[in-house]
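K.L.:
build me a model from this:
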Amino acid sequence: MRYRLIQGLLWLSGRLPLRVNQALGGVVGILLYWIPNPLRRVAGANIARCLPELKPARQRRILRRCLIETGKTALEAGYLWRLTPASAQRLLVALEGRAAVDAAVAAGRGVIIAAPHLGSWEMAGQIGGREWGVWNLYRPPRIAQLEPLLQAGRTRLGGRLVRADTAGVRQLLRVLRRGGVVGILPDQDPGPEHGVVAPFFGIPANTMRLLPRLAHATGAAVFIAWCERLPRARGYHLRIAPLPPAVADPDPLVAATALNRAVEQCVRALPGQYQWSYRRFKDVRA
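P.N.:
Now for the predicted structure:
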């Protein structure tokens, strides 16, 4: 039943104009803000802990915007998974930092793009696939029947998907050593066996060791990317910036701290579009 419901929602949302799609997502987000629910509780707790310097009224505005953007994220997946190269180009208002990625690719160095859950990471993945044939690391959905839909949607414009397992990591190493481009979500909890505890907004958070290890082992150029969703369905603004050499440090704590600091800086620039509802800190209860 859940699969049929999600399948139907993806089908419907994929056929609505983007303005209507995002407007409906915004309505969902407003309901999430006003009706008590786990997403609101976790997001509110995370914002209060990570941005304590802000006044409560400002924190509430960020929470409201975060939930509105969460609703848009949920509905726009079906739309973005049906993009054509031409429609993707129309929606991409700006792409900052492309020259540095192109230069690293031309040099055969290999590139890692860290794309946190900020803005539209689905659109970032589509543009990365179209421009550089990015190999994206992903976790299979909990509902197994959805995986073919996810595979087809996220690879539509040229991206490739690699499962987050041992075989997938080996594939990423091969891609980087051939001078290819790899995309990784850097702000997920990798589990106790694959992470190191490092500060994120000054709070201990389990942080992935994989990205720094790949960078250290291959000498790849490492960038961070976030795709801002512009208001009133005007499109998307993808920003890409180089990460400091410390993210490839052989010391896991040094590397993880540098990675978290870079993600934090991006989030501070666009706090209303960060996925604050993710339980990054395990003592935050839903």
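
K.L.:
C-alpha from now on. contacts and neighbour counts both.
P.N.:
Fine.

K.L.:
residue 28: what's its closest spatial neighbour, skipping adjacent residues?
P.N.:
Nearest residue to residue 28, sequence neighbours excluded (CA to CA, 6 or more residues apart in numbering): residue 71, at 5.3 Å.

K.L.:
and the pLDDT at the one you found?
P.N.:
Per-residue pLDDT puts residue 71 at 97.

K.L.:
counting neighbours, what do you get for it?
P.N.:
The tally of other residues near residue 71 (other CA atoms under 10 Å) stands at 23.

K.L.:
quick check: next helix or strand after the helix or strand harbouring it?
P.N.:
Per DSSP states H and E, residue 71 falls inside helix 56-80. On the C-terminal side of helix 56-80, the closest following helix or strand by DSSP H and E is helix 85-91.

K.L.:
so which residues of the stretch 51-200 of the chain form strands?
P.N.:
Here the stretch 51-200 of the chain has its strands, by DSSP state E, counting those that start in this stretch, at 92-96, 111-114, 135-138, 160-163, 181-184, 195-200.

K.L.:
now the ones you listed in a markdown table, with mean pLDDT?
P.N.:
Shown next, in a markdown table, are those (pLDDT from 0 to 100):
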| stretch | mean pLDDT |
| --- | --- |
| strand 92-96 | 98 |
| strand 111-114 | 98 |
| strand 135-138 | 96 |
| strand 160-163 | 96 |
| strand 181-184 | 98 |
| strand 195-200 | 96 |
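
K.L.:
looking at these, which is nearest to residue 18?
P.N.:
Proximity to residue 18 (CA to CA) singles out strand 92-96 among the strands of the stretch 51-200 of the chain, at 13.2 Å.

K.L.:
what about the stretch 1-150 of the chain, any weak spots by pLDDT?
P.N.:
By pLDDT under 70, the stretch 1-150 of the chain contains no weakly predicted segment.

K.L.:
circling back to that earlier point, make JSON lines from the strands of the stretch 51-200 of the chain and add mean neighbour count to it.
P.N.:
Below are the strands of the stretch 51-200 of the chain laid out as JSON lines (neighbours: other CA atoms under 10 Å):
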{"stretch": "strand 92-96", "mean neighbour count": "14"}
{"stretch": "strand 111-114", "mean neighbour count": "27"}
{"stretch": "strand 135-138", "mean neighbour count": "22"}
{"stretch": "strand 160-163", "mean neighbour count": "19"}
{"stretch": "strand 181-184", "mean neighbour count": "28"}
{"stretch": "strand 195-200", "mean neighbour count": "20"}
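
K.L.:
among these, which comes closest to residue 244?
P.N.:
That would be strand 111-114 among these, by CA to CA, at 12.4 Å.

K.L.:
send the alpha carbons of that closest one over as PDB?
P.N.:
In PDB, the C-alpha atoms belonging to strand 111-114 read as follows (Å, rounded to 0.1, in the frame of the first residue of the first chain):
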ATOM      1  CA  VAL A 111      36.800  14.800  -8.300                       C
ATOM      2  CA  ILE A 112      34.700  14.300  -5.100                       C
ATOM      3  CA  ILE A 113      31.700  16.500  -4.700                       C
ATOM      4  CA  ALA A 114      30.200  16.700  -1.200                       C
END
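
K.L.:
can you spell out which helices and strands pack onto it?
P.N.:
Strand 111-114 sits against helix 98-106, strand 181-184, strand 221-229, with contacts defined as 3 or more CA pairs under 8 Å, 6 or more residues apart in numbering; DSSP states H and E.
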